[in-house]
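**Q** let me see the structure of the following:
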Amino acid sequence: MNSLRLSCQSLVPAVIFAALSTAGSALAAESGPTPVSTTPEAVQLAQITSVSELTDVLPSDWAFQALQSLVENYGCIQGYPDRTFRGQRSMTRFEFAAGLNACLDVVATLIAQSGLNPEDLATIRRLQDEFQAELATLRGRVDALEADTATLRAQQFSTTTKLRGQADFHLGVPFDPLVIVNAANAPVVQETSASVAARARLNFDTSFTGRDRLRIRLQSGDGNALVPFGGLDSAGGSGYNVAIDDFYYRFPVGNRINLTVSPRGLSGNDWVTSTIVPYHGSGVADAAKPQFYNSGGSSSNGAGVGVNINLTDSLVFDAGYTAGNPGATQPNVGVFAAANQSYIAQLSYLGQGFLNAGVTYLHNDRSSIFALDNTGAAAAAGATDTFAGLVNLNFGRFFVAGHGAYQTFNGGNDFSWSAGAGINDFLREGAELAVYGTQLPQLAGRSDNPFLIEGYYEIPFSRYLTITPALVYGDAKYANTGGAVTDNTALYGFVRATFRF
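**A** Predicted coordinates for the structure are as follows:
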């Protein structure tokens, strides 16, 4: 009878503790669930006779004595088929039911053999009374969680599509206004006062298999700044006219290959897994992105196809083709005979440690973006070939990165580059303080390569809001239709607010 009493006194708290653990797991799922398998394999548990059979349970574990007693004295604890207990993970309802059933079988056997005396029953009732309030509270919270889950399922946007949005607001102040010369050779001051630029995006991401993605992006915006230096990274458009900016379907072929087909929206760096330099995407100016990706290439309004191949866990090969849409006076000659075409191939090493690097080749059939030749006359359209290298050296919280690109066009050539350094988690987790300088490719209306320096501090205030103040200095030679060229320098201050939802 004494052994029976000890059995009941040990067993009932264990059953209650299991119930508390299960409820606690359900409540933890409310804040951030980790999907737990509910397939039959997850509940095929194996009976064990000694705690030493559990390969992941050590005598130093805080619950070792309890497990040893429940296994060796009462035989109501089971392990997984691989002889593990997995004491750090949450249990499923199936697993709880299996463990509870094993313990109740022991209780039934003990009762059938010896019965229960009044003292044992009193102990059980006392334990029930002690845990009654906690169990009632947990039961109520679990019921509320199940009700909320049912509501979310009933009111969800789609079973296959997720809606993601981003809004960027920019306030720009020219401390030193840009001055250019107009067609009459008269100086014109540009952007003399504070300006506002904004962009809004809505991404509809659909997955049919869990590994593919169909994206349709609606985008609108208005206003811009830094026009002679490539504009802003997260602004553009006119009059907030809504357009389909991205439209593509990406799907896997096996475990290491992804194919992408796009009727609109992808070109240049859109085809590559990474642009390597970390200030791309964080900087306010579009020049933070290596500009060779879209220099002289076809418009993103055209159709394209791309492939991403993971040669190893760290080595990735990307390739893409974009055909620009025909113009108003051009015949509709099809995708592979389009007037504007571009090809890109990039091999990237994306390791988890010190080094990220890539080499890129681009070829396109439009180079009219290079507006002036060596004599100052307009350059004829033709092919452009680009050879580039990119590197990022990650020293933990500190990084050094940059790129170089050599381009040939119409018998001429051009070299552009960028170099920068930054500190991650500066004064705040997730923040980034960085500065970079870049010499841009020759662009339409310039007789030389524009130069830009930007310093920025990207500050995440929450998972939804990021504020990025930046200071930008630019130097460019700007040619007008009359052929006059003047040196121009400018200094701008920006604050960008980015909302993600």
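**Q** helices or strands up against the host helix or strand of residue 467?
**A** Using DSSP states H and E, residue 467 sits within strand 465-479. Applying 3 or more C-beta pairs under 8 Å, 6 or more residues apart in numbering; DSSP states H and E, one finds that strand 465-479 contacts strand 178-181, strand 451-460, strand 485-500. (Glycine included, C-beta is placed from N, CA and C.)
**Q** now tabulate those strands in CSV and tack on mean pLDDT and mean neighbour count.
**A** Below are the helices and strands packed on strand 465-479 laid out as CSV (pLDDT from 0 to 100; neighbours: other C-beta atoms under 10 Å):
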stretch, mean pLDDT, mean neighbour count
strand 178-181, 62, 19
strand 451-460, 96, 21
strand 485-500, 84, 17
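**Q** nearest to residue 268, out of those?
**A** Between residue 268 and the helices and strands packed on strand 465-479, the tightest spacing by C-beta to C-beta is seen for strand 451-460, at 18.8 Å.
**Q** now what about that closest one, what contacts it?
**A** For strand 451-460, the surrounding residues in contact (C-beta atoms under 8 Å, 6 or more residues apart in numbering) are 226, 229-230, 279, 282-285, 287-288, 426, 428-440, 466-476.
**Q** where does residue 100 land in three-state SS?
**A** Assigned with DSSP: H, G, I helix; E, B strand; the rest coil, residue 100 falls in the helix class.
**Q** correction: residue 167
**A** strand.
**Q** so it sits against residue 498, correct?
**A** Yes. With contacts counted by C-beta atoms under 8 Å, residue 167 reaches residue 498, the gap being 7.4 Å.
**Q** didn't residue 229 look like it was pressed against residue 285?
**A** Yes. Using C-beta under 8 Å, residue 229 makes contact with residue 285 at a distance of 6.5 Å.
**Q** any shared contact partners between these two?
**A** Looking at what touches both residue 229 and residue 285 (by C-beta under 8 Å, 6+ apart), the common residues are 452, 472.
**Q** got the contact list for the closest residue to residue 288 other than its chain neighbours?
**A** Using C-beta to C-beta, 6 or more residues apart in numbering and skipping the chain neighbours, the partner closest in space to residue 288 is residue 279 (4.7 Å). Residues near residue 279 by C-beta under 8 Å, 6+ apart: 288, 401, 420, 422, 434, 436, 454, 456.
**Q** repeat the analysis, applying 10 Å as the threshold.
**A** 233, 285, 287-289, 392, 399, 401-402, 418, 420-422, 432, 434-436, 438, 454, 456, 458 (C-beta atoms under 10 Å, 6 or more residues apart in numbering).
**Q** tell me which helix or strand residue 110 sits in.
**A** Per DSSP H and E, residue 110 falls inside helix 93-114.
**Q** so which elements touch that helix?
**A** With contacts taken as 3 or more C-beta pairs under 10 Å, 6 or more residues apart in numbering; DSSP states H and E, helix 93-114 sits against helix 2-31, helix 64-72, strand 78-79, helix 118-155.
**Q** where does pLDDT dip in the stretch 251-400 of the chain?
**A** Along the stretch 251-400 of the chain, the model assigns pLDDT under 70 to residues 296-300, 325-339, 366-382.
**Q** show me where it has strands.
**A** Here the stretch 251-400 of the chain has its strands, by DSSP state E, counting those that start in this stretch, at 257-264, 303-310, 315-323, 341-350, 355-364, 384-394, 398-409.
**Q** relative to residue 55, how far out is residue 65?
**A** 18 Å (C-beta to C-beta, to the nearest Å).
**Q** correction: residue 410
**A** Distance of residue 410 to residue 55, given as C-beta to C-beta: 69 Å.
**Q** any idea which of the helices and strands packed on strand 465-479 gets closest to residue 308?
**A** strand 485-500 (24.3 Å).
**Q** other SSEs contacting that closest one?
**A** Taking 3+ C-beta pairs under 10 Å, 6+ apart as contact, the helices and strands that strand 485-500 lies on are strand 161-176, strand 178-181, strand 187-190, strand 195-206, strand 451-460, strand 465-479.
**Q** and the longest one, which strands flank it?
**A** Looking back up the chat, that one is strand 161-176. strand 195-206 (antiparallel), strand 485-500 (antiparallel) (DSSP bridges).
**Q** chain center to that strand, what's the gap?
**A** Relative to the centre of its chain, strand 161-176 is centred 18 Å away, using C-alpha atoms, centre = their mean, to the nearest Å.
**Q** now it: average pLDDT?
**A** In this model, strand 161-176 has a mean pLDDT of 92.
**Q** one step back: residue 410 and residue 55: which is more packed in?
**A** Ranked by neighbour count (other C-beta atoms under 10 Å), residue 410 and residue 55 place residue 410 first, with 15 against 12.
**Q** relative to residue 457, how far out is residue 427?
**A** The gap separating residue 427 from residue 457 is 9 Å, by C-beta to C-beta.
**Q** same question, residue 71
**A** Taking C-beta to C-beta, one finds residue 71 at 57 Å from residue 457.
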